[in-house]
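A.B. asks: coordinates only, sequence not included:
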């Protein structure tokens, strides 16, 4: 009987998760966050999807304007080692709150887990990445690095091809 109860809880939490995804795609963040919260509550501690539900709950909170969702995403990522979607959600939350440096680090962690994750690859492409500083032992904002960077960029991108 104990086994059937955990299967029912797993099924119920999965159904809430699916509803959350549907509302998230419709950009109904608050409704999505309620369903993800239910999925999180209904699943067992041993459920392998717990961190995924938590990360979706967090990112939907952030998108609905509740900054506390970022902590949920960060907590989920700190406990996840298999599901790269958790890192996708943390990256989205960090970007939404304009934490670009953290978003880049999170994106790299996610791609280390799953280099072919479609959501992370799309984020990587859309975010763009900065070139490495010319003199890596100096800070990026050092005037010498800035000058060298401008010179090497101009040489690599003549005015006709620059936008």
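C.D. replies: Thanks, I have it. Bear in mind the structure is a predicted one, so any value in this text is a computation, not a measurement. Numbers count the residues shown, from 1 in each chain.

A.B. asks: which outside residues touch the helix or strand hosting residue 151?
C.D. replies: Element membership for residue 151, per DSSP states H and E: helix 143-156. Residues outside helix 143-156 that contact it (CB atoms under 8 Å, 6 or more residues apart in numbering): 131, 133, 134, 135, 138, 139. Where you see a C-beta, it was placed from the backbone N, CA and C, and this is true even at glycine.

A.B. asks: same deal with stretch 104-114?
C.D. replies: 77, 81-84, 86-88, 90-91, 94, 117, 120-121, 123-124, 127, 129.

A.B. asks: and these, which are buried?
C.D. replies: The neighbour-count test (16 or more other CB atoms under 10 Å) marks 77, 83-84, 86-88, 90-91, 94, 117, 120-121, 123-124 as buried among the contacts of stretch 104-114.

A.B. asks: Looking at the residues you listed, which are in helices?
C.D. replies: Among these, the members found in helices (DSSP state H) are 77, 86, 87, 88, 90, 91, 94, 120, 121, 123, 124.

A.B. asks: Let's have the residues you listed in TSV, adding pLDDT and distance to residue 39.
C.D. replies: Formatted as TSV, those follow (pLDDT from 0 to 100; distance: CB to CB, whole Å):
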residue	pLDDT	distance to residue 39
77	97	17
86	97	14
87	98	19
88	98	17
90	98	18
91	97	21
94	97	22
120	95	22
121	94	26
123	94	23
124	92	27
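
A.B. asks: Could you dump the residues you listed into JSON lines with distance to residue 28 added?
C.D. replies: Converted to JSON lines, these look like this (distance: CB to CB, whole Å):
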{"residue": "77", "distance to residue 28": "24"}
{"residue": "86", "distance to residue 28": "22"}
{"residue": "87", "distance to residue 28": "24"}
{"residue": "88", "distance to residue 28": "19"}
{"residue": "90", "distance to residue 28": "21"}
{"residue": "91", "distance to residue 28": "21"}
{"residue": "94", "distance to residue 28": "22"}
{"residue": "120", "distance to residue 28": "24"}
{"residue": "121", "distance to residue 28": "26"}
{"residue": "123", "distance to residue 28": "22"}
{"residue": "124", "distance to residue 28": "27"}
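
A.B. asks: between the contacts of helix 143-156, which is closest to residue 70?
C.D. replies: Taking CB to CB as the measure, residue 70 lies nearest residue 139 of the contacts of helix 143-156, at 27.1 Å.

A.B. asks: Quickly list the domain ranges of the protein.
C.D. replies: Split into domains by automatic domain parsing, the chain comes to 2-128, 130-163.
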